[in-house]
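In: coordinates only, sequence not included:
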């Protein structure tokens, strides 16, 4: 994308350790975080001493936007699996789909038809696209 080396860095680890160190460090200019409100509050507190710029995504319901010039043959399965993949249990699940008025009805009908084709079952079974939300196993 032409971004110079070192401009964007992804650091993984536990928030208590790595996240706090990044938030407190004077050499880090900006942090982007996706997750819980409680963790975001800890990041804000840790970065208060240096007034670091923060970008916090705390469950904003990840919208998909479909405009009138979209190829519905691609947009419908893409938006559908955006919400159904991983049984919708990811922070970026496209659980809101904003569709331009002129194609709304056609999009909804196609999405209903597509949803009927999704294979639901044991997430480990071949061909299954959507696994269970819960199991009968007692913890």
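Out: Okay, I see it. These numbers come from a predicted model, not from an experiment.

In: and residue 111, helix, strand or coil?
Out: Remark: residue 111 carries the secondary structure label helix [criterion: DSSP: H, G, I helix; E, B strand; the rest coil].

In: and it, how far from residue 103?
Out: Using Cβ to Cβ, to the nearest Å, one gets 11 Å for the distance from residue 111 to residue 103. C-beta coordinates here come from the backbone N, C-alpha and C atoms, glycine included.

In: what's the span of stretch 38-54, first residue to last?
Out: The first residue of stretch 38-54 is 15 Å away from its last residue (Cα to Cα, to the nearest Å).

In: how about stretch 87-99?
Out: Taking Cα to Cα as the measure, stretch 87-99 stretches 22 Å from start to finish.

In: which other helices and strands does the helix or strand of the chain with the lowest mean pLDDT contact?
Out: In the chain, no helix or strand scores lower on mean pLDDT, DSSP states H and E than strand 30-34, which sits at a mean of 85. With contacts defined as 3 or more Cβ pairs under 8 Å, 6 or more residues apart in numbering; DSSP states H and E, strand 30-34 has these neighbours: helix 37-47, strand 53-57.

In: which of the ones you listed sits closest to residue 68?
Out: Counting by Cβ to Cβ, residue 68 lies closest to strand 53-57 out of these; the figure is 27.6 Å.

In: circling back to that earlier point, so of the helices and strands packed on strand 30-34, which one's packed in deepest?
Out: The densest packing among those, expressed as mean neighbour count by mean count of other Cβ atoms under 10 Å, is seen in helix 37-47 with a mean of 15.

In: angle of that one against strand 30-34?
Out: Angle, helix 37-47 to strand 30-34, by axes from the mean of the first three to the mean of the last three Cα atoms, to 10 degrees: 170 degrees.

In: show me the domain layout of this structure.
Out: When the chain is parsed with automatic domain parsing, its domains come out as 15-57, 63-115.

In: would you turn the helices and strands packed on strand 30-34 into CSV with mean pLDDT?
Out: Shown next, in CSV, are those (pLDDT from 0 to 100):
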stretch, mean pLDDT
helix 37-47, 89
strand 53-57, 89
